[in-house]
Structure formats: C-alpha cells, structure tokens
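Q: this one's sequence-less:
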C-alpha cells in the first residue's frame, strides 16, 4: 500500500519536473523500490516479525436530513487500516535481504549509467 502511495505521488510530481528530472526519476525507480524493500526486510529482522497491513471497509450509519424535515439514517463507507504482526523465518528473511542487497548493487550500476545518459540527453538540468 505504501508503494502505491509513493508511486502516485511521484506520478503527480512528475508533471512539474523537467525532462531531465523525469528521465532521472525513471532511471532510478527500480533502485528506490529495492531500497524500500531492503529497509522493510531489515526492520523485520530487527523486530523478529513482519507487519502486514489489512484494509477493511465497513458501513457507518448516521443521522441525516434537514432539521425542518424528517431526519433519517444515512450510510457511508468507512475505510479502516490495521497492522497485523506476522511470524517470519529469520533465515529466509536473511536470504531475502542478501538477494536484495546483491540486486541493489546491480541496479546501482545500471542506474548510474542511465542517469549519465539522462544528463547527456538533457544537459539543461
């Protein structure tokens, strides 16, 4: 859910960015995602468990209507988010972290090349 929010913010902000900034943002997107996954995995290992977000929608009934007329019940949806702790296998989580760190090194090299290409394609900055 957090990733979708961050991505939505980047999409909105990309309309204000220069062509070079948009190019650099696109070039480093995978690296940012992997960095977020690394941070989350490290937190899971430190805590000893992971946290899963669960979103539920329920209906809330309220009074509605105008004071001079009959008051009735209205329903409106209410979205609730809960964080649910889940057990992890520390060995599997450590393997996942090691794989993410290796992937990050690969992506960092690839992103550096792509950012350099962005800078040469859009030198105005």
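A: Sure, I can see it. Keep in mind that this is a model prediction, so the values were computed, not measured. Residues are numbered from 1 along each chain as shown.
Q: Nearest spatial neighbour of residue 122, chain-adjacent residues omitted?
A: The shortest distance from residue 122 to any non-neighbouring residue, by Cβ to Cβ, 6 or more residues apart in numbering, is to residue 20 (3.4 Å). To be clear about C-beta, it is placed using only N, CA and C from the backbone, and glycine gets the same treatment.
Q: Leaving out chain neighbours, which residue sits closest to residue 62?
A: Of all residues not flanking residue 62 in the chain, residue 74 sits nearest, at 5.6 Å (Cβ to Cβ, 6+ apart).
Q: Next SSE downstream of the host helix or strand of the one you found?
A: According to DSSP states H and E, residue 74 maps onto strand 72-87. Remark: after strand 72-87, the chain's next helix or strand is helix 90-121, criterion DSSP H and E.
Q: That following helix - contacts with which helices or strands?
A: Applying 3 or more Cβ pairs under 8 Å, 6 or more residues apart in numbering; DSSP states H and E, one finds that helix 90-121 makes contact with helix 19-27, helix 29-47.
Q: Cheers, nothing more for now.
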